[in-house]
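> below is the sequence, then the predicted model.
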Amino acid sequence: MPEHDPLQETLHLLLRERADDVAHTRFGLDVVRGRARTIHRRRVAGATTAAALAVVALVVPTAMLVRGDLRADSVDPAGPSHTPSAIDTANPQPRGPLAWADLTGPPVIHTDDGSTLRPQVDGQLLSFAAAGDDRWLLQVSDDQGRSAEAVLIDDTGTVVMRQAMDSNMGLAGSDDELAVAWLDSKHHVVVLNRGDERPEDWGEVPDGSKPVEVVGCPDECGVVVNEPFEFTMTPYLVTADGASGWHGEWLSQVTDVSPDGRLATGLLPGNEEKLCWGLLDLERNRLEWRTCEQGNLTFSPDGSRLLATPPTTDGFGFFTEYLLDLDGGVLDTIDGGFTGQAWSTSTSWLTVDTASEGAPTTVVRHDLDGSTEVLDGPVSESFPFLLETR
């Protein structure tokens, strides 16, 4: 009988929750590792990025509350049919490359410039996010995974603040490191602003809610939260003054908001047989396109492209990742075995790559030109790496 490993069990639960919050097709990590190790890149003929270069104004959360009349089922599911949205590629957000954590021993946070940080905490690191000024906000669980704390550390790894938090939900970061949000143990949304040592309490949300992203800071900060509604979910915008419905007629769950605040991606409601995802123009309150071929759409730091997975995963991993333009066109398809992916810069992203049965796991950087570089590993342990939450 195999030995019980509480760390592996906790990480399994975390990955299952973070990958997708809806019903999934089932396949385990052993199946992912049984797939071919070689990453085969299939370039899509004639695919180009169609992004207009124009400076746009930041849309604050209050503008996101405008309702529209066009329904999601009126959009052609076969593909997009709109003019690409303008984006501010001339002024990208000043973020450093994505960090990752090595969990093979006491947690070590790595950045691809070679620097490392050892948090002075006990327990299991479940997620982490940059809190500005070289500080990090950690979600740390006890050895059994029964309780969790939000722990703020400084640039030496020293603990500055700790607070009990909901052990089933992760952290929500912002594109500019101005704030990090989470749910405390009483299901209150709490927000830690850059430079502060104590978080603000923004009020209670229903049990089972999940914070997604902090938007609109510093002028009008809000936290996008997916809240349970009847037998599904619906998004809300939570601010210091309360919560408001947030385009629930379009998206049953929000995945990501673009850096300029104009666009959002998420899961579409009303399709029980097949999961479909879409891109919403928040300024016009209009669903631009939807797809049932990709899911979990996230914006690049300059807002010009999207990373995606298959529309359904089981939380343990996936076999294919996609690079899309803002029209939903597929620019690149990458096959392999992955347990995580996230944008690092506007021209690169990181994956946690699995391999064949018994083979090691690595952290790999992918660039838009098709080149790859192994940044960490190989390691022959289960779930040895964790990517930064943004």
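It's in. Quantities reported herein were computed from a predicted structural model and do not represent experimental measurements.
> can you tell me the distance between the two ends of stretch 222-235?
In stretch 222-235, first residue to last residue: 12 Å (C-alpha to C-alpha, to the nearest Å).
> in the stretch 101-250 of the chain, where is pLDDT below threshold?
144-145, 230-231 (pLDDT under 70).
> mind listing the helices for it?
Remark: no helices are assigned in the stretch 101-250 of the chain by DSSP state H, counting those that start in this stretch.
> in the stretch 51-200 of the chain, which spans are strands?
Here the stretch 51-200 of the chain has its strands, by DSSP state E, counting those that start in this stretch, at 52-53, 86-87, 100-102, 108-110, 116-117, 124-132, 135-141, 148-153, 159-165, 179-183, 188-193, 200-204.
> nearest to Gly295, of those strands?
Among the strands of the stretch 51-200 of the chain, strand 124-132 comes nearest to Gly295, with 20.4 Å by C-beta to C-beta. In this view, the C-beta of every residue, glycine as well, is placed from N, C-alpha and C.
> name the helices or strands packed onto the closest one?
Other elements packing on strand 124-132 under the criterion 3 or more C-beta pairs under 8 Å, 6 or more residues apart in numbering; DSSP states H and E are helix 6-19, strand 135-141, strand 179-183, strand 385-387.
> mind running it again at 7 Å?
helix 6-19, strand 135-141 (3 or more C-beta pairs under 7 Å, 6 or more residues apart in numbering; DSSP states H and E).
> related to what we said a few turns ago, and the strands of the stretch 51-200 of the chain as TSV, adding mean neighbour count and distance to Phe319?
Shown next, in TSV, are the strands of the stretch 51-200 of the chain (neighbours: other C-beta atoms under 10 Å; distance: least, C-beta to C-beta, whole Å):
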stretch	mean neighbour count	distance to Phe319
strand 52-53	12	33
strand 86-87	20	30
strand 100-102	22	21
strand 108-110	19	26
strand 116-117	16	31
strand 124-132	24	24
strand 135-141	23	28
strand 148-153	23	30
strand 159-165	16	33
strand 179-183	27	31
strand 188-193	22	35
strand 200-204	15	39
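> can you check which of those gets nearest to Thr239?
Among the strands of the stretch 51-200 of the chain, the nearest to Thr239 by C-beta to C-beta is strand 200-204 (6.9 Å).
> partners of that closest one in the sheet?
When pairing is defined by DSSP bridges, strand 200-204 lines up against strand 188-193 (antiparallel).
> quick one, the strand it pairs with and strand 159-165 angle?
Here the directions of strand 188-193 and strand 159-165 differ by 160 degrees (axes from the mean of the first three to the mean of the last three C-alpha atoms, to 10 degrees).
> distance from the chain centre to stretch 228-248, please.
When C-alpha coordinates are averaged (C-alpha atoms, centre = their mean, to the nearest Å), stretch 228-248 and its chain have centres 18 Å apart.
> can you list contacts of it?
21, 61, 64-65, 189, 200, 202-203, 205-206, 208-209, 221-227, 251-254, 269, 280, 285 (C-beta atoms under 7 Å, 6 or more residues apart in numbering).
> could you tell me the end-to-end distance of it?
12 Å.
> buried stuff in it?
Met233, Thr234, Pro235, Tyr236, Leu237, Val238, Thr239, Ala243, Trp246, His247, Gly248 (16 or more other C-beta atoms under 10 Å).
> out of these, which one sits closest to Cys217?
For these, the nearest to Cys217 is Thr239 (10.9 Å; C-beta to C-beta).
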